[in-house]
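Just the structure for this:
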Amino acid sequence: MASTKGKYFKESDCLKGFIFNKKLLDEISGFIQKHENFVLTTHIGSDPDGLASEISLYFFLKKLKKNVIIINNEPVPENYEFMAPNQIVKNTETGLHEIEKMDFTGYVLISLDNSETNRLGKIKEFCDRFKCSLATIDHHIVKKQKYFFVDDSYAATSEIIWELYKYTNTPLNRQIAISLYAGIIADTGNFRFSKTSVRTHLAGGDLLDYGFSPDDVYRKIFESSPPDRLKLFKKILDKAIINTEKKYIAAFVKKSMFRKLKLGDTPTEGIVNQLLAVKDIKISALMTETPDGHLKCSLRSIDDVNVAALAGKFGGGGHRNAAGLFVKGPFDDAARKIIIEIEKAVSV
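Have a look, this model is predicted:
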């Protein structure tokens, strides 16, 4: 698809009257100016928003002639590879030998879309060895700390990075625009979650003006599942708790369900959102057994049901209507505790 930049927006007036988040953006810009060397990463189990924000910040820093590298804990999932050109995202799963030869003395580690050090995995251990300073750019609800550049009014971390480009008059290109758009639609449920704002739509419109197909991006993220995904979904629904009286659905993904199925890199992506698409249901929970028998849980809610507060009881966090948590096993015991808290949350 040929670029159509300028067809709908003119650079001179597309943000006329737009009120930039000057305080946050000045803090990020000032921090970047003080440093020359950066390691970028995101949380374990990288999602489109984490990937998009680190990839777009990578190019932003490159334009400033900074030294920068992206290192994640795992390879980019296959259906997100369109966001990461030229294999710029290294990972400790397949590239640990190469990374261990590098010297990151004097580097700054910036975590994108994640303010929880326990979700940095091997990256944190690696950068601790070189005494890297730690910073974060995030849109989740977190306690303010030094070098934590966080504002939970944003619908996605990608939205912050888009605004950083615009605020600093740094040119975007089509690849950056595609990545940022993917991050925004993934974290907003295609512009429908409650934190979607006029700013979010303005960002989406500006990015689309770089000439790519929004349907193509949507399909790559949400509609690229292998056929065996349907078999897994059936197994999940067969074991799910559907409590219409207390208005919640809790589903469970045990390790045994994956046997003999070819599922790709993101086998359960989006399922928790599908579970919420039932009349009168206020909370959906998808609890997945990790390879070592622990439990990770994705939570979604509607209206004023605060799943971030629920997740916080287990050391997790997120947004009011979208959150996650991790509990060390046994899986079944952890699941029972979470269901108790879910029932409390919907009864408030």
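
Strand partners (parallel or antiparallel) of the helix or strand of the chain with the lowest mean pLDDT?
Each helix and strand of the chain was given a mean pLDDT (mean pLDDT, DSSP states H and E); the minimum falls on strand 317-318 at a mean of 80. Next to strand 317-318 in the sheet, as set by DSSP bridges, lie strand 322-327 (antiparallel).

so where do the strands sit in the chain?
Taking DSSP state E as the criterion, the chain carries its strands at 37-42, 67-72, 89-91, 108-112, 133-138, 148-150, 241-243, 248-253, 283-289, 295-301, 317-318, 322-327.

if we compare the ones you listed, which one ends up closest to residue 231?
Using CB to CB as the measure, strand 248-253 is the one of those that comes nearest residue 231, at 12.6 Å. For glycine as for every other residue, the C-beta is placed from the backbone atoms N, C-alpha and C.

That closest one to strand 295-301, inter-axis angle?
Orientation of strand 248-253 against strand 295-301 (axes from the mean of the first three to the mean of the last three CA atoms, to 10 degrees) gives an angle of 150 degrees.

thinking again about what came up before, what's the closest of the strands of the chain to residue 81?
Set against residue 81 and scored by CB to CB, the strands of the chain come closest in strand 89-91, at 9.2 Å.

Can you list the buried residues in the closest one?
Residues of strand 89-91 classed as buried: 89-91 (neighbour count, 16 or more other CB atoms under 10 Å).

on that earlier part again, CSV please, covering the strands of the chain and showing distance to residue 235.
Conversion of the strands of the chain to CSV gives the following (distance: least, CB to CB, whole Å):
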stretch, distance to residue 235
strand 37-42, 29
strand 67-72, 29
strand 89-91, 29
strand 108-112, 34
strand 133-138, 34
strand 148-150, 38
strand 241-243, 14
strand 248-253, 8
strand 283-289, 13
strand 295-301, 17
strand 317-318, 26
strand 322-327, 22
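
Which of the ones you listed has the lowest mean pLDDT?
Averaging pLDDT over each of the strands of the chain singles out strand 317-318 as the lowest, with a mean of 80.

what does that one contact?
The set of residues that contact strand 317-318 without belonging to it, under CB atoms under 8 Å, 6 or more residues apart in numbering, is 116, 140-142, 299, 307-308, 311, 323-325.
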